[in-house]
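Chemist: only the shape, not the letters, is given here:
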């Protein structure tokens, strides 16, 4: 079976990076190929990397707000670049009322602080395996 390729990082000026590093390491330790972009990324740069790396997953982290607006723009950019097949997961601090909005945008997984990394790995693995069979 081909390794799952995931792009991870943080869009914008939010410089709280510990969580995304923990998740990137967990995905890597689970046998996935992870391209960690770091903090301060722009939407177009993340989209370009997803395309260049032929990634099946993108994981983004938000801890300073602005996630709904940013993800509206991000999901629109994915569609404009014919990347709707890419699994999108996000983690961070989200107001409970924002979670349905985020899922309505097409984000498959929304993870809050304290979610075991093993749960995130299982979720991504299962979703990618399902998509590969389609």
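Modeler: Alright, I've got the coordinates. Computed from a predicted structure; not experimentally measured. Numbers count the residues shown, from 1 in each chain.

Chemist: for the lengthiest helix in the chain, packing partners?
Modeler: Longest helix in the chain, counting residues (DSSP state H): helix 117-133. Judged by 3 or more Cβ pairs under 8 Å, 6 or more residues apart in numbering; DSSP states H and E, the packing partners of helix 117-133 are helix 18-29, strand 57-62, strand 87-92, strand 109-111. (C-beta placed from N, C-alpha, C; glycine too.)

Chemist: grab the nearest non-local neighbour of the most centrally placed residue in the chain.
Modeler: In the chain, the residue lying closest to the centroid (Cα atoms, centre = their mean) is residue 59, at 1.7 Å. Excluding the flanking residues, the one nearest residue 59 by Cβ to Cβ, 6 or more residues apart in numbering is residue 8, at 4.4 Å.

Chemist: what separates the nearest residue to residue 11 once chain neighbours are set aside from residue 97, distance-wise?
Modeler: Closest residue in space to residue 11, ignoring its immediate chain neighbours: residue 41 at 5.1 Å, by Cβ to Cβ, 6+ apart. Separation of residue 41 from residue 97 (Cβ to Cβ, to the nearest Å) stands at 26 Å.

Chemist: same drill for those two, tell me which one is more crowded.
Modeler: Higher neighbour count among residue 41 and residue 97: residue 41, with 17 against 8, using other Cβ atoms under 10 Å.

Chemist: from memory the more buried one sits against residue 10, does it?
Modeler: Yes: using Cβ atoms under 8 Å, residue 41 is in contact with residue 10, at 6.2 Å.

Chemist: what residues of stretch 63-77 count as buried?
Modeler: 63, 67, 70, 71, 74, 75 (16 or more other Cβ atoms under 10 Å).

Chemist: that's all I had, so thanks and see you.
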